[in-house]
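Peer 1: Fold the following for me, if possible:
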Amino acid sequence: MLISEEYRSQLQEAHEQEDWGTSSPMFADLISNIANQTGAGEILDYGCGKAHLGKHLKLDHPARVFLYDPAIEKFSKTPDPRDMVVCTDVLEHIEPDLLDDVLDDLQRVTKSVGFFNVCTLPAIKILPDGRNAHLIQEPMEWWLPKLMERFAIKSLADTGVGFWLVVSNKEIKDGH
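Peer 2: Numbers count the residues shown, from 1 in each chain. All right, here's what the predicted structure looks like:
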């Protein structure tokens, strides 16, 4: 399971706010460079929120952007694996007891390369039920072993409020 019905309801209510689910464009140039270098023809925006990423990409080749967000009805269909998977400002919002399921699903859908950004601090936003929107507030050192179980890390950068990394699917790399 990737999300509980109770939490889906909380997120659906939160997404009704105009400024909720809009962070991906700040990484558009970096994501564009990775997609251009790898020639990714299919990009999955995993946890797409308002689906702004595709409007900000500057690609030098034809590519199709696919959208997935379990809290938004029109984007909630289980995604197929894609060349590149982008997951920005999502993982810290996952219910802690479902994080392994979500990371396994990220591994499933990442054919070649992934770009993931994780904030490690409390969110400014509060969920409708009063909880901090970042359900997981852990340092990079806590996250890395979980990610390294599933992915080979190609690049990693500390952002001061979290980190981003470029990964490849470890199963594919290891030949499993």
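Peer 1: For the closest residue to Glu95 other than its chain neighbours, the count of nearby residues, please.
Peer 2: With C-beta to C-beta, 6 or more residues apart in numbering as the criterion, Glu95 has its nearest non-adjacent residue at 5.5 Å, and that residue is Tyr7. Backbone N, C-alpha and C define where each C-beta goes, glycine included. By the criterion of other C-beta atoms under 10 Å, Tyr7 has 20 neighbours.
Peer 1: Same check on Ala157?
Peer 2: The number of residues packed around Ala157, counting by other C-beta under 10 Å, is 12.
Peer 1: surely it meets Val118?
Peer 2: No - under the criterion of C-beta atoms under 8 Å, Ala157 lies out of contact with Val118, with a separation of 11.4 Å.
Peer 1: what touches both of these two?
Peer 2: Here Ala157 and Val118 share the contacting residues 163-164, scored by C-beta atoms under 8 Å, 6 or more residues apart in numbering.
Peer 1: bridging residues for the residue positioned nearest the centre of the chain?
Peer 2: If you average the C-alpha coordinates of the chain and look for the closest C-alpha using C-alpha atoms, centre = their mean, you land on Cys87, 1.6 Å from that point. According to DSSP bridges, Phe116 are recorded as the beta-bridge partners of Cys87.
Peer 1: so who does Tyr46 touch?
Peer 2: Residues in contact with Tyr46, defined by C-beta under 8 Å, 6+ apart, are 68, 79, 85-87, 90, 106, 109.
Peer 1: If we use 10 Å, what do you get?
Peer 2: For Tyr46, the contacting residues are 66-70, 79, 82, 85-88, 90-91, 102, 105-106, 109-110, 114, 116, taking C-beta atoms under 10 Å, 6 or more residues apart in numbering as the criterion.
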